[in-house]
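Participant: Output the structure for:
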Amino acid sequence: MSNYEMLERLQVLRRRLHQAAEERGSLTDPIVLAISEEADQLIVVLQHQQREKRVGSITKQGPLSR
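Facilitator: Numbers count the residues shown, from 1 in each chain. Below you'll find the predicted structure:
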């Protein structure tokens, strides 16, 4: 899945999470928690990719090029 697709998926999950929380009336409802967990996993992947990109950029430039 591309970075763009992951960001789009995250937006969909955010909308679903909001809707489910309103419909269920609880943030601890199993369905709300499942959506939240999926979003959390996706956020971790995106953050990991961003960190790798930053580290790769710094490594290519060398420590004195900052």
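Participant: where in this structure is pLDDT low?
Facilitator: Low-confidence segments of the chain (pLDDT under 70): 62-66.
Participant: Give me the residue at the spatial middle of it.
Facilitator: residue 43 (1.8 Å; Cα atoms, centre = their mean).
Participant: Okay, that one and residue 11: tell me how far apart.
Facilitator: Distance of residue 43 to residue 11, given as Cβ to Cβ, to the nearest Å: 12 Å. All C-beta spots, glycine's among them, are computed from the backbone N, C-alpha and C.
Participant: can you check residue 56 too?
Facilitator: The gap separating residue 56 from residue 11 is 26 Å, by Cβ to Cβ.
Participant: which stretches of the protein form helices?
Facilitator: Along the chain, counting by DSSP state H, helices occupy 3-24, 30-61.
Participant: Please point out which parts of the longest one sit buried.
Facilitator: Pointing back at helix 30-61 there. Residues of helix 30-61 classed as buried by neighbour count (16 or more other Cβ atoms under 10 Å): 32, 35-36, 39, 42.
Participant: cool, the first one as well?
Facilitator: Taking 16+ other Cβ under 10 Å as the neighbour-count basis, helix 3-24 is seen to contain the buried residues 10, 13, 16-17, 20-21.
Participant: Residues contacting it, please?
Facilitator: Outside helix 3-24, the residues that touch it by Cβ atoms under 8 Å, 6 or more residues apart in numbering are 1, 27, 29, 31-32, 35-36, 38-39, 42-43, 45-46, 49.
Participant: mind redoing it with 10 Å?
Facilitator: Where contact means Cβ atoms under 10 Å, 6 or more residues apart in numbering, the residues beyond helix 3-24 that reach it are 1-2, 26-43, 45-46, 49-50, 53.
Participant: Taking helix 30-61 as reference, get the angle to it.
Facilitator: 160 degrees (axes from the mean of the first three to the mean of the last three Cα atoms, to 10 degrees).
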